[in-house]
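A.B. asks: Sequence plus predicted model, see below.
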Amino acid sequence: MLRVAGRRAVWALPLLLTIIVVMFCLLRAIPGDPVQAMVGDFPVPPAYRALIEEKYHLNDPLPTQIVTYLGNIVSGDFGYSYQNQRPVIGLILERAPRTILLASASFAIAIPLGLLLGVLAGTARRPLADKLLTTSALIAYAIPTFWLGQLLVIVFALQLGWLPTQGIGPMISRAHGFAWILERLRYLALPALAFAIHEGMRIARISRASVIDTLGQGYIVTARAKGLTRGAIIRRHILRNASLPVVTIAGYAFGHALGGAVLLETVFAWPGVGLLLVDSIRLRDNMTVIGIVIVSAIAVVVMNLVVDVVYALLDPRIRTAR
Amino acid sequence: MTAPLLDITGLKVHLHVGERIVRAVDGVDLQVAHGTCVGVVGESGSGKSTLARAAARLLPNLPATISGTAQFEGRDLLGMNERALRGLRRRHGFSMIFQDPLGYLNPTQRIGAQIGEALSDEDGAKTPRIAALLDEVGLAGARDIVRRYPHELSGGMRQRVMIAIALASAPKLLFADEPTTALDVTVQLQVLQALYRLHRERQMAIVIITHDLAVVAEICDACHVMQSGRVVESGPTASLFANPQHPYTARLLELSRRRAGVRP
């Protein structure tokens, strides 16, 4: 098990390296003079330019710059955000937990929901039940999250007044302990639900296809020949085997979600990585944008690694392969 | 004379493939007496596997018209509800083994669990019974096999595990659908011998579905030859082989001998 994880991790390193180098080259390709950008609408004195170029190694050859940049990334230095007057890493570290919270809560709902619907549709004895479930899931999946989010706000926040419309918490809160958690959960509920419905429907569609594929396997015939009940066949023989493709899709989607759900965070004013990305693009805060992209790439690569490990846990054939 | 264990009369399985109707099994009579071994021979596509699957109620859920009767110890198999069917499969009824044991064993479940779930709970602790079953199918030497997964075993071992699973319900009748086809020639004989031994020791009736006449000649008391969904000839194995009446049987025999390198 550890060997699988280790081998995959070794493979992930060159991938990350490539991503960072490509991002650095993109950063360099952005038009404009960085020194001029720092100074603003003002002629740059030659002495000052020389000083800055010396300080930031702007005249070093490109390979040297890449190596320096890689060294900086490894030591956690993603540059400085002039718009926010803070190091980029600090900004991302502040935002990331909120995005991780939103993504985790959403997938904690989406995965069981999707699996349940997928198994129900895939094993439905009546074709009509399958068609109804599948069509509803497709319709729900086709609704964009930002619009679904707004619908949820209209119903649950504006009409019923049960939940707050946006944000991550109240401006002023005196709640402590459990009450504080409950208060935060109320803010989390709507964005997580919108996200979960969307992702859950995707997972449901994959699970259904996977369940139907599993139903056609020989070992299901064996299970029937053993005289097992329908429930036992689903629990012991279908769920685990059918969940393999689901793990791939859900893992990939989760990795993607860690990079920030841009539209959803905007709709709900959820101050996560996605909202930071939107603000940074609007303010041309290039260092922050690049930093977010690199961190998102790392998240996707790490999640793929996790998927590989989970895959090996679920399927013994992968553990012994090579 | 007592009623046969399995009594199939006029069984038809007509599969609906689009607009077409495929007469996979088209009016087959087949009787299996207690403790006997019956072979069903035919080329691929002759309907022999469909016949066995229909009798064992293991046909996939496809649009099909099934008519005729199939009785197990006098009980109607085709009209039987799921609950009664499960009862027969779980204890003292019938079970089935298949051509491709790798595909018919769950890849993500340990061998011990796969055998264990075929055992009924009423007969006591499962661990010793799993070990006994493994002994019986000739896997006594491989004690750790219960903790292994199907892909870690050889083809012959997998088929023996399949047989152990089938034996777990102490069936009176075993359907063996091409049990040796996917195996190496040397292993084929071993598995066949194991089946024959179990047939004798347990007084268990076997229906062997095969395209290999040598298999039938080896262990079957009676033999039915199928072509295009019908039984074209049947009778005791010895007389059928010595004196084939139907040209199709004669041709099958001829081909089989030629392949074995034995000129008639």
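C.D. replies: Yes, it's here.

A.B. asks: C-alpha only now, for contacts and for neighbours.
C.D. replies: Noted.

A.B. asks: and the end-to-end length of stretch A:76-92?
C.D. replies: End-to-end span of stretch A:76-92 (C-alpha to C-alpha, to the nearest Å): 11 Å.

A.B. asks: Check the offset of that stretch from the chain's centre.
C.D. replies: The gap between where stretch A:76-92 is centred and where its chain is centred comes out at 21 Å by C-alpha atoms, centre = their mean, to the nearest Å.

A.B. asks: Could you give the average pLDDT over stretch A:193-204?
C.D. replies: Averaged over stretch A:193-204, pLDDT sits at 91.

A.B. asks: give me the residue from the stretch 1-150 of chain B nearest chain A.
C.D. replies: B:Y104 (3.9 Å; C-alpha to the nearest C-alpha).

A.B. asks: dump the residue contacts of that residue.
C.D. replies: Going by C-alpha atoms under 8 Å, 6 or more residues apart in numbering or on different chains, B:Y104 touches A:Q217, A:G218, A:Y219, A:I220, A:V221, A:T222, B:F98.

A.B. asks: 7 Å instead?
C.D. replies: Counting by C-alpha atoms under 7 Å, 6 or more residues apart in numbering or on different chains, B:Y104 makes contact with A:G218, A:Y219, A:T222.

A.B. asks: try B:V231
C.D. replies: Here B:V231 is in contact with B:V28, B:H224, B:V225 (C-alpha under 7 Å, 6+ apart).

A.B. asks: what kind of secondary structure is the second one in?
C.D. replies: Translated: B:H224. Secondary structure, DSSP: H, G, I helix; E, B strand; the rest coil: B:H224 is strand.

A.B. asks: sorry, back to before: and the contacts of B:Y104 near chain B, which?
C.D. replies: The subset of these within reach of chain B, by C-alpha under 7 Å from any C-alpha of the partner chain, is A:G218, A:Y219, A:T222.

A.B. asks: Tell me how far the last one lies from B:A166.
C.D. replies: Going from A:T222 to B:A166 by C-alpha to C-alpha gives 9 Å.

A.B. asks: ditto for the first one
C.D. replies: Distance of A:G218 to B:A166, given as C-alpha to C-alpha: 14 Å.

A.B. asks: more crowded one of these two?
C.D. replies: B:A166 (28 against 18; other C-alpha atoms under 10 Å in any protein chain shown).

A.B. asks: My guess is A:T214 contacts A:I238. True?
C.D. replies: Yes: A:T214 is within contact range of A:I238, at 6.3 Å (criterion: C-alpha atoms under 7 Å).

A.B. asks: So these two - more neighbours on which side?
C.D. replies: Per other C-alpha under 10 Å, whichever of A:T214 and A:I238 has more neighbours is A:I238, with 24 against 20.

A.B. asks: Could you list the residues of the stretch 151-300 of chain A in contact with chain B?
C.D. replies: Counting by C-alpha under 7 Å from any C-alpha, the stretch 151-300 of chain A comes close to chain B at A:Q217, A:G218, A:Y219, A:V221, A:T222, A:A225, A:K226, A:G227, A:L228, A:H237.

A.B. asks: Can you check those residues and name whichever has the most neighbours?
C.D. replies: That'd be A:K226 among these, by other C-alpha under 10 Å, with 30 neighbours.

A.B. asks: Tell me the pLDDT of it.
C.D. replies: A:K226 is given a pLDDT of 92.

A.B. asks: residues in contact with it?
C.D. replies: Contact partners of A:K226, counting by C-alpha under 7 Å, 6+ apart, are B:R89, B:R90, B:A118.

A.B. asks: and these, which of them are in helices?
C.D. replies: Counting by DSSP state H, the contacts of A:K226 place B:R89, B:R90 in helices.

A.B. asks: In a strand, B:H14, correct?
C.D. replies: Yes: under three-state DSSP, B:H14 sits within a strand.

A.B. asks: low-scoring stretches of chain B, by residue?
C.D. replies: For chain B, applying pLDDT under 70 flags the ranges B:1-2, B:141-143, B:259-264.

A.B. asks: Determine the three-state secondary structure at the residue most central in space within it.
C.D. replies: Geometric centre of chain B, nearest residue: B:A176, 1.6 Å, by C-alpha atoms, centre = their mean. At B:A176, secondary structure determined by three-state DSSP is strand.

A.B. asks: tally of neighbours for residue 171?
C.D. replies: You didn't say which chain, so I picked chain A. 6.

A.B. asks: Let me rephrase: I mean chain B.
C.D. replies: 22.

A.B. asks: can you give me the helices in the stretch 101-250 of chain B?
C.D. replies: B:111-116, B:126-136, B:155-167, B:185-202, B:213-219, B:237-242, B:247-259 (DSSP state H, counting those that start in this stretch).

A.B. asks: So which of those helices is the most surrounded?
C.D. replies: helix B:155-167 (a mean of 26; mean count of other C-alpha atoms under 10 Å in any protein chain shown).

A.B. asks: what separates that helix from the chain centre, distance-wise?
C.D. replies: How far helix B:155-167 lies from its chain's middle: 12 Å, per C-alpha atoms, centre = their mean.

A.B. asks: What helices and strands are in contact with that helix?
C.D. replies: Contacting helix B:155-167 under the criterion 3 or more C-alpha pairs under 7 Å, 6 or more residues apart in numbering or on different chains; DSSP states H and E are the following elements: strand B:94-97.

A.B. asks: The strand it packs on near chain A anywhere?
C.D. replies: Yes: applying C-alpha under 7 Å from any C-alpha, one finds strand B:94-97 touching chain A at B:S95, B:M96.

A.B. asks: and for that strand, what are the contacting residues?
C.D. replies: Contacts to strand B:94-97, defined as C-alpha under 7 Å, 6+ apart, come from residues A:225, B:88-89, B:162-163, B:166, B:171-177, B:179.

A.B. asks: let's see 8 Å
C.D. replies: Applying C-alpha under 8 Å, 6+ apart, the set of residues contacting strand B:94-97 from outside is A:222, A:225-226, B:56, B:88-89, B:162-163, B:166-167, B:169, B:171-177, B:179.

A.B. asks: Stretch B:213-229 too?
C.D. replies: B:23-28, B:36-43, B:45-48, B:192, B:196, B:208, B:210, B:231-238, B:240-241, B:248-249, B:252-253, B:256.

A.B. asks: Show the contacting residues for the residue of the stretch 151-264 of chain B found nearest chain A.
C.D. replies: Going by C-alpha to the nearest C-alpha, chain A is nearest to B:H151 of the stretch 151-264 of chain B, at 6.7 Å. By C-alpha under 8 Å, 6+ apart, the contact list for B:H151 reads A:R317, B:L102, B:P107.

A.B. asks: In JSON lines: those, plus neighbour count and distance to A:P271.
C.D. replies: Shown next, in JSON lines, are those (neighbours: other C-alpha atoms under 10 Å in any protein chain shown; distance: C-alpha to C-alpha, whole Å):
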{"residue": "A:R317", "neighbour count": "17", "distance to A:P271": "43"}
{"residue": "B:L102", "neighbour count": "20", "distance to A:P271": "52"}
{"residue": "B:P107", "neighbour count": "19", "distance to A:P271": "45"}
